[in-house]
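J.: predicted model follows, preceded by the sequence.
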Amino acid sequence: MTSLMSHKFSVLFVCLGNICRSPTAEGVFRQKVIEAGLAQDILIDSAGTSAYHIGEPPDIRSQAEAKRQGYDLATIRSRKVTLPDYDKFDLLIAMDKANLRDLKAINSSVYNDKLKLFLADFAPHLSAKEVPDPYYGGEKGFTEVVHLIELASDGLLDFIKKQF
Ligand code: 4NP
């Protein structure tokens, strides 16, 4: 059955522009979910807290680094977080603390249980608590983003499997 409602769990990855970190998280996590045989069970999407890049594909540097590490981001297009997202998704996962603050400001506190900080909540063993914004930095930043996202994606998948 391929109905839109057939998933058991849903996650929305959120950053500022939805062109670097959250599309990378969407692509990496989707690949891990496919490899785990759970593609039909988990709905995955990403969005930005800003409208700066609506409609754009992921940053060319994010796409190149993801591709180099085996992830395809080509079909993703930037969109802004909407109010219905807070009902639709089981978890809204922020890349950094500013994204989390913005998610709390965009909608009311009744959703606090759904709002997570990716590294702190799903890779608590790491010293890094935020996925750093690579937009204004060099190539190394994009490599580090993929690495951190891979680690937290493993933790997120373990968490979701326990909900089934
Ligand atoms: P992202 O990176 O939030 O990881 O997509 C950024 C993309 C664009 C901007 C900032 C961060 N910007 O200021 O346009």
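T.: Received the coordinates, thanks.
J.: show me which residues of the protein sit near the ligand.
T.: 15-21, 52, 133, 135 (Cβ under 6 Å from any ligand atom). No exception for glycine: its C-beta is placed from N, CA and C like everyone else's.
J.: need those residues in a markdown table (columns: pLDDT, distance to D90 and neighbour count).
T.: Listed next are those as a markdown table, based on pLDDT from 0 to 100; distance: Cβ to Cβ, whole Å; neighbours: other Cβ atoms under 10 Å:
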| residue | pLDDT | distance to D90 | neighbour count |
| --- | --- | --- | --- |
| C15 | 98 | 19 | 30 |
| L16 | 98 | 22 | 21 |
| G17 | 98 | 24 | 22 |
| N18 | 98 | 19 | 29 |
| I19 | 98 | 24 | 27 |
| C20 | 98 | 24 | 28 |
| R21 | 98 | 20 | 34 |
| Y52 | 98 | 27 | 13 |
| D133 | 98 | 25 | 18 |
| Y135 | 97 | 28 | 16 |
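J.: farthest-apart pair in those residues, please.
T.: Farthest apart among those by Cβ to Cβ are R21 and Y52. That separation is 13.6 Å.
J.: flag the shaky bits of this structure, pLDDT-wise.
T.: 1-5 (pLDDT under 70).
J.: would you map the strands across it?
T.: Assigned by DSSP state E, the strands in the chain fall at 9-15, 42-48, 91-94, 115-117.
J.: looking at the ones you listed, which is nearest to E150?
T.: Here strand 9-15 is closest among those (Cβ to Cβ), at 13.4 Å.
J.: hmm, who's touching that closest one?
T.: Strand 9-15 has contacts (Cβ atoms under 8 Å, 6 or more residues apart in numbering) with 21-23, 25-26, 29, 41-49, 81, 85, 88-96, 99, 103, 118, 131, 133, 156, 160, 163-164.
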